[in-house]
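Chemist: The amino acid sequence is not available; the structure is as follows:
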């Protein structure tokens with residue numbers, strides 16, 4: 001008797017970074033970016049926001065018999081939520097705020113199962129950014145890289161030169177915490193692919209945040 005075939009997998013995201021991360025494990029999937037309202041609700045904290053938005057994206061694409069993976073990532077600096085900058089001026093302001101601080105990157109991950117149940121997870125990573133002078137910020141903004149990145153930087157791109165240390169999952173800062181995503185997919189019936197299908201590239205994570213790092217606003221670094 002043949003084993004049951006895994007349900008189809010859909011990635012509900014337009015992010016090329018999430019597509020690359022998921023493909024690097026060897027998953028086969030279709031891409032259906034959802035169109036949802038991403039406004040922050042009054043009084044909504046970062047974890048609640050990314051959880052709600054990821055679940056909303058997954059449900060927007062969900063249908064019986066398929067598995068849908070969705071995610072949403074924000075940068076939290078003190079009481080400020082930093083999403084994608086609207087223009088270069090906002091990107092420069094975000095980078096000035098992150099300069100010399102430790103901030104938190106949160107990604108909400110949601111999986112809709114073939115029976116239309118939704119399971120969620122929130123991943124948190126602490127990131128220490130070096131002191132950035134005006135010329136460096138101008139150089140980075142002029143590169144164009146900050147324009148579609150939460151917090152206006154890409155740890156996997158030119159922005160890597162600003163990241164001194166991290167605490168937590170590296171892929172979470174890129175946009176999709178793979179350990180959590182794989183666990184949710186497995187629970188929904190999507191097993192890990194054959195290892196020969198997985199990407200061969202690996203990425204080294206920066207060292208962990210030290211106790212002497214400054215924090216954004218009044219936010220303190222805590223070990224979990």
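Modeler: Now that the structure is in, tell me what you want to look at. It should be emphasised that the depicted structure is a prediction, and the values quoted were computed from it without experimental measurement.

Chemist: C-alpha from now on. contacts and neighbour counts both.
Modeler: Fine.

Chemist: those helices in this structure, which residues are they?
Modeler: 16-25, 46-61, 88-98, 134-143, 170-174, 178-187 (DSSP state H).

Chemist: Throw the ones you listed into JSON lines and include distance to residue 32, mean neighbour count and mean pLDDT, thanks.
Modeler: Below are the helices of the chain laid out as JSON lines (distance: least, CA to CA, whole Å; neighbours: other CA atoms under 10 Å; pLDDT from 0 to 100):
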{"stretch": "helix 16-25", "distance to residue 32": "11", "mean neighbour count": "17", "mean pLDDT": "95"}
{"stretch": "helix 46-61", "distance to residue 32": "7", "mean neighbour count": "23", "mean pLDDT": "96"}
{"stretch": "helix 88-98", "distance to residue 32": "28", "mean neighbour count": "20", "mean pLDDT": "96"}
{"stretch": "helix 134-143", "distance to residue 32": "29", "mean neighbour count": "14", "mean pLDDT": "97"}
{"stretch": "helix 170-174", "distance to residue 32": "20", "mean neighbour count": "22", "mean pLDDT": "96"}
{"stretch": "helix 178-187", "distance to residue 32": "17", "mean neighbour count": "17", "mean pLDDT": "97"}
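
Chemist: distance of residue 96 from residue 131?
Modeler: Separation of residue 96 from residue 131 (CA to CA, to the nearest Å): 9 Å.

Chemist: Kindly report the same for residue 8.
Modeler: Residue 8 sits 45 Å away from residue 131, going by CA to CA.

Chemist: before we move on, what about residue 33?
Modeler: If you measure residue 33 against residue 131 using CA to CA, the figure is 36 Å.

Chemist: so who does the residue most central in space within the chain touch?
Modeler: Centroid-nearest residue in the chain: residue 175, 2.3 Å away (criterion: CA atoms, centre = their mean). Contact analysis of residue 175 by CA atoms under 8 Å, 6 or more residues apart in numbering lists 17, 18, 71, 72, 73, 107.

Chemist: Kind regards, and thank you for your time.
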